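Enquirer: return a 3D structure for these sequence lines:
(one chain, ligands or ions: 1)
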Amino acid sequence: MKGFLASDEVRFLRGFLSNPLRVAAPVPSGRKLARTVAAQIDAEPGGYVVELGPGTGAITAAILEQGVAPQNLIAIETDADFARRLRSRFANIHILEGDAFSFRRLIAPVVGNTLLRTVVSGIPVLNRPKEVTQPLLADAIAALEPGAPFVQFSYGAEPPIAPIPGVEVSRVATVWQNLPPMHIWVYRGRHG
Ligand SMILES: C[S@@+](CC[C@H](N)C(=O)[O-])C[C@H]1O[C@@H](n2cnc3c(N)ncnc32)[C@H](O)[C@@H]1O
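Expert: Reported below is the predicted structural model:
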């Protein structure tokens, strides 16, 4: 188990050094952060969960431990080496190699018109302009069941994506012992 983790850490650090803006952290998320993020998944069982930027799978594993069926989990990763690692680590989830900002187009062949249970995002957004991040948020809210969560973790102390009309955001947890410490933000469309 130790050697397994070490090799993921080496792989992650290599990814970070080759593209620091895209990978954004030198080590994968720790267990506490992963569990706290996964705990935000909508409690209603069934339905698809989409993970943006799974890296080597720290959050992915916690999502599965939360009880999401592997065939209902879709992970979208842009880095080919991470995607290969995910395929060897998780047999039955959907792993799509591509750009999370185009996630709706990527997931369409899997989900069709079905609305999503939760979107979990670990992609870096603080270094992207709001002209890029707000459409991602709007797409996620449109793809989700009414009121279902879009979960974004980020080291910034302000909402990492500026809220858009009809969407509320709250910080649901801060995991100080993570490296770096992370805030977990949940966005939901107002409905009803
Ligand atoms: C901060 S790391 C988080 C990795 C993992 N979720 C974790 O918590 O350990 C960001 C991840 O997002 C991926 N990523 C960055 N931009 C992306 C994009 N536009 N589309 C898909 N994945 C992206 C990176 O390759 C990296 O795996």
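Enquirer: quick one: the spatially most central residue of the chain from G46, how far?
Expert: Nearest to the mean C-alpha position of the chain, by Cα atoms, centre = their mean, lies S121 at 2.5 Å. Distance from S121 to G46, counting by Cβ to Cβ, to the nearest Å: 21 Å. C-beta: built from backbone N, CA, C; applies to glycine.
Enquirer: got any ranges where this structure has weak pLDDT?
Expert: 1-6, 192 (pLDDT under 70).
Enquirer: could you point out the longest helix in it?
Expert: Assignment by DSSP state H gives helix 2-18 as the longest helix of the chain.
Enquirer: from the middle of its chain, how far away would that one be?
Expert: With Cα atoms, centre = their mean, to the nearest Å as the basis, helix 2-18 stands 19 Å off its chain's centre.
Enquirer: neighbouring contacts of the very next helix or strand once past it?
Expert: Next along the chain after helix 2-18, taking DSSP states H and E as the criterion, comes helix 20-23. Helix 20-23 is contacted from outside by 12, 15-16, 55, 78-79, 124, 127, using Cβ atoms under 8 Å, 6 or more residues apart in numbering.
Enquirer: which element follows helix 20-23 toward the C-terminus?
Expert: Heading C-terminal from helix 20-23 (DSSP H and E), you reach helix 31-38.
Enquirer: what is that next one packed up against?
Expert: helix 58-65, strand 150-154, strand 167-175, strand 182-189 (3 or more Cβ pairs under 8 Å, 6 or more residues apart in numbering; DSSP states H and E).
Enquirer: tell me the buried residues in the longest helix of the chain?
Expert: 8, 11-12, 15-16 (16 or more other Cβ atoms under 10 Å).
Enquirer: turn these into JSON lines, columns for distance to V151.
Expert: Formatted as JSON lines, the buried residues of helix 2-18 follow (distance: Cβ to Cβ, whole Å):
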{"residue": "D8", "distance to V151": "22"}
{"residue": "R11", "distance to V151": "24"}
{"residue": "F12", "distance to V151": "21"}
{"residue": "G15", "distance to V151": "22"}
{"residue": "F16", "distance to V151": "22"}
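Enquirer: closest to P159 out of these?
Expert: Ranked by distance to P159 (Cβ to Cβ), those are led by F16 at 24.5 Å.
Enquirer: so what's the residue count around the closest residue in space to the closest one that isn't next to it in sequence?
Expert: The shortest distance from F16 to any non-neighbouring residue, by Cβ to Cβ, 6 or more residues apart in numbering, is to V23 (4.3 Å). For V23, the tally of surrounding residues (other Cβ atoms under 10 Å) stands at 22.
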